[in-house]
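>>> Fold the following for me, if possible:
(one chain, ligands or ions: 1)
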Amino acid sequence: MKKEFTCIVCPVSCSLVVDEKDGKLTVSENQCKRGLVFGENEFRNPKRMLTTTVKITGSSVKRLPVISVDEVPKDRLIELAELLYKVTVKSPVHRGDIVAQNIGNTGVDVIATRTIKQENKEI
Ligand code: SF4
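Alright, predicted model coming up:
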């Protein structure tokens, strides 16, 4: 089975070709080893960082930007974003604070990417 992917590891955006024969993967058209790893992972178990926002109270800012601390399965991104849609945090929040632990039992936490003080003040 042959599949094509665009490598998203760097801005060069190589068009990778991943060929699977008898369980063995061959990646071609990559310009570096990072593309090789990306192609193999993308073929077998594609993952992405999860970035979204959650509701925050106690501040004039209404949404807090968050990110997963590691990649999560690509096919679960919508489900995980929906879980975060139900999360509400209270200010103050500091960048790096855990907003959701082990989101969807992925073993991955989600953290705040921005510090938001209480009462309308942003750091
Ligand atoms: S294969 Fe290497 S050079 Fe090409 S996009 Fe991926 S990381 Fe960049």
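>>> And the residue in the chain sticking out farthest from the centre, how far from the ligand?
Here the chain reaches farthest from its C-alpha mean at D22, the gap being 30.8 Å by CA atoms, centre = their mean. To the ligand, D22 is 24 Å away according to CB to the nearest ligand atom, to the nearest Å. Where C-beta positions appear, they are placed from N, C-alpha and C, glycine not excepted.
>>> cool, and R44?
17 Å.
>>> List the residues that contact the closest residue to V69 other than its chain neighbours.
Once flanking residues are discounted, V69 sits nearest to D109: 5.1 Å by CB to CB, 6 or more residues apart in numbering. Taking CB atoms under 8 Å, 6 or more residues apart in numbering, we find D109 in contact with S68, V69, I98, A100, Q101, N102, I103.
>>> ok, now with 7 Å
By CB atoms under 7 Å, 6 or more residues apart in numbering, the contact set of D109 is V69, I98, A100, Q101, N102, I103.
>>> Which one (most neighbours) among those residues?
For those, the largest neighbour count, defined by other CB atoms under 10 Å, is 23 neighbours, found at I103.
>>> Who are the contact partners of that residue?
Contacts of I103 (CB under 7 Å, 6+ apart): S68, L80, L83, D109, V110.
>>> Take the residues you listed and keep only those in helices.
Counting by DSSP state H, those place L80, L83 in helices.
>>> how about the contacts of I103, which pair is most distant?
L83 and D109 (12.6 Å; CB to CB).
>>> Is the closest residue to the ligand within the chain part of a helix or strand, or is it coil?
Nearest residue of the chain to the ligand, counting by CB to the nearest ligand atom: G35, 2.2 Å away. Secondary structure state of G35, per DSSP: H, G, I helix; E, B strand; the rest coil, is helix.
>>> pLDDT score for it?
With respect to pLDDT, G35 scores 97.
>>> Just give me the neighbour total for it.
Neighbours around G35, by other CB under 10 Å: 23.
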